[in-house]
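[1] Structure for the following, please:
(chains A and B)
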Amino acid sequence: MSVFSDLLYGLGVALTPVNMGVAVVGLVLGTAIGVLPGLGGTNGIALLLPLTFTLKPTSAIILLASVYWGAIFGGAITAILFNIPGEPWSVATTFDGYPLAKQGKPGIALTAAFTSSFIGALVSIVLFTFFAPPLADLALRFGPPENFAVFLLAFATFAGLGGGDPAKTILMTLLGLLLATVGFDIVTGQPRMHFGVVALQGGINFVVIAIGLFGLGEILLTVEEGLRLEGIRARLGFRDVWETWRLFPRYVTTLVRATILGFWIGVLPGTGATPASFMSYGMARQFSRHPERFGKGEVEGVVAPETAAHAAGIGALLPMVTLGIPGSPTAAVMLAGFFIWGLNPGALLFKEQREFVWGLIGSMYTANLIGVLLVLTLVPVFAAINRIPFGILAPLIVIFSSIGAYATNNQILDLWLMLGAGVAGYLFKKLDYPLAPLVVALVLGDMTEQALRQSLIMGQGSPAIFFTRPIALLFILASVVLFLLPAYRALRRGKNPGGQAAAGAADRT
Amino acid sequence: MHRAGQAMALALVASAILLLREAVRLPVAWTPTGPGAGFFPTVLAIGLAFNAILILLKSLQAAPGGDRPFLPPGAWKPLVAAFLPMVAVVALIDYLGLYLGGALYLAGYTLFVGRHRPVTIVLVSVLIPLGLFLIFERWFLLLLPKGVILEYLLYRR
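    Numbers count the residues shown, from 1 in each chain, chains lettered A, B, ... in the order given. Below you'll find the predicted structure:
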């Protein structure tokens, strides 16, 4: 079995001292980022991107992925001890985590969160290991029409499964694609869409926009809401850990269900850890024999969302590595890193960059194991980060954002773009325009356009080419179904006003 | 909130029109190298305009009453207090560079907005830019904007 030899090779790469060190640094930074409300995984990774320029691509991706895992672990700490989600995907963890902590059982809630997060991660990584190679093989046979159909499917999942107003989702996708067209035309090299501004001819950098939208926009929102942090003191002894672990066998079904749900939602482009955690919480309550206990300190109410969130985080990297499509905005930032490190995401990655791909997969095993041990032992330290007053934290985030935005292209104009994106992000967020589709569309824009134009050239101008090739046709049909899904739901709701569709917040993942 | 929603939709319609005008200046139709450079942007801009108009119409239909204000009362103050320094720091970085500009920004923010103790202010605004300087300029060799003063002091340029 070649998967096993590849995996062993990947573990070997991940276990080299440099990569282990990078993983630990990433996990500590990521957990801190996860703990801090107002500083999210997407933004945290975007800010660290410039620091990876000097690393080898393999170490760079391990660093960024470790930040992601750390952020997923860390979000739960603030959710449970402060009743404030440190990350959007830990909102559902506050429902039962904080009541548990208030009842004097913060140790149990934290252990349950970390353990289930780890289990969700581990099972998903195994799924990842075995799904990725065949998927990459399949993707190798894709031509431009298939690629375009896959991109279309990615955008359709936002509209169909993202929840919220589909018109706004589609609008944000189109806006992201339009921003990607600014700069030189990918086929003819003609400068375009720059409105006469010379600096815009180089194109709009994705990282700059992401930092503005998620970094500065988030600060403005946090400031407006007036953050108050009053936490419960964290204690985590061996007794807590042991007591919680003894409870775990009875949650096996929840764990399995949450992992599969989370992994699947993570793989779908455009959705990520946040909707996965909400859906998993809802499912656990629905299947529970004691749904009335949920929201009052039920351990299962912590287990379900945490398992799904981490499973989705892993799943989100699967289409990124195999197809070049980010499964979440955080994955989108990592994908932007691929270009900077000189790698071409997509199916060829598996064939040509064995060290990179299998090193990343190997590091998923090692980093998540280190991560869970790290958070279990260092909870009080991480919880103490929240004592940094926001009056110091906010300007620090602005400084780091400026560094991140400047360093990708070394031009001052990007700082102003970042500022504009920050204001836009704040307004969009307040008016319920989803940010995730814009970010993913901006990253995929060039590849989407190239695939579309090459397909049309292959079809000599006729779009029929998308309907005569079976794989492309399948994806196109699936996209159409997804695009029509919101309309169908609206019709049903009109007939049956009681049946509300569960609209998840598919954003800021 | 309704007003703000309408204003945003209107702004999006306007942006779509601007983008469309910019897109149709390029070859939109079929060229010897396939679809022209303006083909994709034009299609996108038309779609953008369509969706923006749809959202605008929907927001105009919104039922009157039951609306909450765009900002909770009094929230504009901290918002402005956070936003104006953001604009200032970008301008400062442009002229004084990241390290000096950042130091001034950190000092100003912790003094006027955060209202911290003088010790904290000095520590934050001196140690952090210094640490950043060492990390980026010395260890990672990533050159960030240094501004006229620091350029002169360091390299006599």
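
[2] residue contacts, residue 55?
    Chain wasn't specified; assuming chain A. The contact partners of residue A:55, taken as CB atoms under 8 Å, 6 or more residues apart in numbering or on different chains, are A:22, A:63. Every C-beta, even on glycine, is put in place using the N, C-alpha and C of the backbone.

[3] switch to chain B, that's the one I care about
    Counting by CB under 8 Å, 6+ apart, residue B:55 has contacts A:165, A:167, A:168, A:171, B:9, B:12.

[4] what about 7 Å?
    A:167, A:168, A:171, B:9 (CB atoms under 7 Å, 6 or more residues apart in numbering or on different chains).

[5] Which residues belonging to the one helix or strand it maps to are considered buried?
    Assessed by DSSP states H and E, residue B:55 sits inside helix B:39-61. Across helix B:39-61, burial judged by 16 or more other CB atoms under 10 Å in any protein chain shown covers B:39-56, B:59.

[6] Over to stretch A:237-248?
    Quick answer for stretch A:237-248 (16+ other CB under 10 Å): A:240, A:241, A:244, A:248.

[7] Residues in contact with stretch A:367-376: which ones?
    Taking CB under 7 Å, 6+ apart as the rule, stretch A:367-376 contacts A:23-24, A:27, A:31, A:65-66, A:69-70, A:73, A:111, A:114, A:118, A:121-122, A:125, A:236, A:241, A:382.

[8] Rounded mean pLDDT for it, please.
    In this model, stretch A:367-376 carries a mean pLDDT of 94.

[9] so how far is it off the chain centroid?
    Distance of stretch A:367-376 from the chain centroid (CA atoms, centre = their mean, to the nearest Å) equals 19 Å.

[10] and what of stretch A:216-223?
    19 Å.

[11] That one close to chain B?
    Yes: looking at stretch A:216-223 against chain B by CB under 7 Å from any CB of the partner chain, the contacts come from A:216, A:219, A:220, A:223.

[12] Flag the shaky bits of chain A, pLDDT-wise.
    For chain A, the stretches with pLDDT under 70 are A:1, A:227-230, A:234, A:269-271, A:495-509.

[13] which helix of it spans the most residues?
    In chain A, with assignment by DSSP state H, the single longest helix is helix A:106-140.

[14] Return the set of buried residues in it.
    The neighbour-count check on helix A:106-140 (16+ other CB under 10 Å) flags A:106-125, A:127-129, A:131-133, A:135-136, A:139 as buried.

[15] Mark which of the buried residues of stretch A:237-248 are part of helices, please.
    Short answer: those in helices (DSSP H) are A:240, A:241, A:244.

[16] thought the first one was touching residue A:107?
    I take that to be residue A:240. Yes: the criterion here is CB atoms under 7 Å, and residue A:240 meets it with residue A:107 at 2.9 Å.

[17] From residue B:106, how far off is residue A:391?
    Distance, residue A:391 to residue B:106, by CB to CB, to the nearest Å: 11 Å.

[18] More neighbours: these two, which one.
    Ranked by neighbour count (other CB atoms under 10 Å in any protein chain shown), residue A:391 and residue B:106 place residue B:106 first, with 25 against 19.

[19] Could you pull up the residues touching the more buried one?
    A:395, A:399, B:124, B:125, B:128.

[20] which of these tops the neighbour count?
    The most crowded member of the contacts of residue B:106, judged by other CB under 10 Å, is residue A:395 (27 neighbours).

[21] ok, that one - contacts?
    B:105, B:106, B:109, B:110.

[22] Now with 8 Å, please.
    Here residue A:395 is in contact with B:85, B:89, B:105, B:106, B:109, B:110, B:114 (criterion: CB under 8 Å, 6+ apart).

[23] Kindly indicate which of those residues lies nearest residue A:445.
    residue B:89 (29.5 Å; CB to CB).

[24] Quick check: closest non-adjacent residue to that closest one.
    residue B:105 (4.1 Å; CB to CB, 6 or more residues apart in numbering or on different chains).

[25] Quick check: which element contains the one you found?
    Applying DSSP H and E as the criterion places residue B:105 in helix B:76-108.

[26] just checking, residue B:37 touches residue B:25?
    No: using CB atoms under 8 Å, residue B:37 is not in contact with residue B:25; the gap is 9.9 Å.

[27] Give me the more crowded residue out of these two.
    Relative neighbour count places residue B:37 above the other of residue B:37 and residue B:25, with 27 against 13, counting by other CB under 10 Å.

[28] what's near enough to touch that one?
    A:185, A:187, A:188, A:190, A:192, B:26, B:27.

[29] Just give me the neighbour total for the nearest residue to residue A:415 once chain neighbours are set aside.
    Nearest residue to residue A:415 in three dimensions, chain neighbours excluded: residue B:90, at 4.6 Å (CB to CB, 6+ apart). Using other CB under 10 Å, the number of residues around residue B:90 comes to 21.

[30] how much space between residue B:90 and residue A:482?
    40 Å.

[31] one step back: any chance of the contacts of residue B:55 in TSV, with distance to residue A:260 too?
    What follows is the contacts of residue B:55, written out as TSV (distance: CB to CB, whole Å):
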residue	distance to residue A:260
A:167	32
A:168	30
A:171	33
B:9	40
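
[32] what's the closest of those residues to residue A:412?
    When the contacts of residue B:55 are compared against residue A:412 (criterion: CB to CB), the nearest one is residue A:171, at 30.0 Å.

[33] nearest to residue A:296, of the buried residues of stretch A:237-248?
    When the buried residues of stretch A:237-248 are compared for distance to residue A:296 (CB to CB), residue A:244 wins out at 17.8 Å.

[34] The closest one contacts residue A:112, correct?
    Yes: between residue A:244 and residue A:112 there is a contact at 5.2 Å, judged by CB under 8 Å.

[35] what sits in contact with each of the two?
    With CB under 8 Å, 6+ apart, residue A:244 and residue A:112 have common neighbours residue A:299.

[36] gap between residue A:285 and chain B?
    29 Å (CB to the nearest CB, to the nearest Å).

[37] quick one, what contacts that residue?
    Counted by CB under 8 Å, 6+ apart, residue A:285 has contacts A:291, A:294, A:301.

[38] likewise residue A:207?
    Neighbouring residues of residue A:207 by CB under 8 Å, 6+ apart: A:46, A:49, A:333, A:336, A:404, A:405, A:408.

[39] residues in contact with whatever residue of the stretch 301-450 of chain A ends up closest to chain B?
    When scored by CB to the nearest CB, the stretch 301-450 of chain A has residue A:391 as its residue closest to chain B, at 2.4 Å. Applying CB under 8 Å, 6+ apart, we find residue A:391 in contact with B:109, B:110, B:113, B:114, B:115, B:116.

[40] Put the buried members of those residues into a ChimeraX selection.
    In ChimeraX, a selection of the buried entries from those looks like this (16+ other CB under 10 Å):
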select /B:109,110,113,114,116
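
[41] Check the contacts of residue A:391 one by one and keep those near chain A.
    Contacts with chain A within the contacts of residue A:391, counted by CB under 8 Å from any CB of the partner chain: B:109, B:110, B:113, B:114, B:115, B:116.

[42] which one among those residues gets closest to chain A?
    residue B:114 (2.4 Å).

[43] wait, isn't that closest one in contact with residue A:388?
    No: the pair residue B:114 / residue A:388 is not scored as a contact, 10.8 Å apart, by CB under 8 Å.

[44] Could you report the neighbour count for residue A:470?
    9.

[45] burial count for the residue in the stretch 1-150 of chain A that chain B sits nearest to?
    Closest to chain B within the stretch 1-150 of chain A is residue A:54: 5.2 Å, counting by CB to the nearest CB. Residue A:54: 12 surrounding residues under other CB under 10 Å.

[46] List the contacts of it.
    Applying CB under 8 Å, 6+ apart, we find residue A:54 in contact with B:140, B:141, B:142.
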